[in-house]
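Visitor: The sequence and its predicted three-dimensional model are supplied below.
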Amino acid sequence: MTSSHPWPQTDIGTLSLADLRPHRAATITGLSEAKGAHAEPSMLQRLAELGFMAGETISVLRRGPGGREPIAVQVGDTVFALRRHEASCIQVKVPA
């Protein structure tokens with residue numbers, strides 16, 4: 001049976017938050033410019049100010065229609081709605 005989900009089925013290791021499957025806890029390893037996209041330094045700073053910091057636990061709660069935007073994520077007790085390009089700048093590590 002093949003999956004119709006837009007995110008990878010193998011998400012062990014380091015990947016971007018945009019590729020993390022819903023309901024899977026991960027640890028933020030850092031913020032970086034997304035591959036193939038230009039991230040404004042101010043956007044990376046804003047994400048950091050909101051609490052997207054290395055060492056924080058994060059999970060994807062749900063995605064918008066068709067598995068797209070917005071992406072609802074939880075960091076600590078706070079829920080955020082991110083656009084895909086914002087989520088792709090957040091690097092996470094999934095425990096084995």
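Guide: All right, it came through fine.
Visitor: Give me the buried positions along the least confident helix or strand in the chain by mean pLDDT.
Guide: Every helix and strand of the chain was ranked by mean pLDDT, DSSP states H and E. The lowest is strand 13-16, at a mean of 87. Across strand 13-16, burial judged by 16 or more other Cβ atoms under 10 Å covers 15, 16. Using the backbone N, CA and C atoms, a C-beta is placed for each residue, glycine as well.
Visitor: Next secondary structure after that strand?
Guide: As assigned by DSSP states H and E, the chain's next helix or strand after strand 13-16 is strand 25-31.
Visitor: Just checking the distance from that next one to the centre of its chain.
Guide: 8 Å (Cα atoms, centre = their mean, to the nearest Å).
Visitor: quick one: low-confidence ranges for this protein?
Guide: For the chain, residues meeting the criterion pLDDT under 70 lie at 1-12, 34-39.
Visitor: ranges for the helices of it?
Guide: Here the chain has its helices, by DSSP state H, at 41-50, 84-87.
Visitor: so the longest one versus strand 25-31, what angle?
Guide: This means helix 41-50. Using axes from the mean of the first three to the mean of the last three Cα atoms, to 10 degrees, the inter-axis angle of helix 41-50 relative to strand 25-31 is 140 degrees.
Visitor: circling back to that earlier point, any chance of the helices of the chain in JSON lines with mean neighbour count and distance to residue 75 as columns?
Guide: Formatted as JSON lines, the helices of the chain follow (neighbours: other Cβ atoms under 10 Å; distance: least, Cβ to Cβ, whole Å):
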{"stretch": "helix 41-50", "mean neighbour count": "13", "distance to residue 75": "8"}
{"stretch": "helix 84-87", "mean neighbour count": "21", "distance to residue 75": "12"}
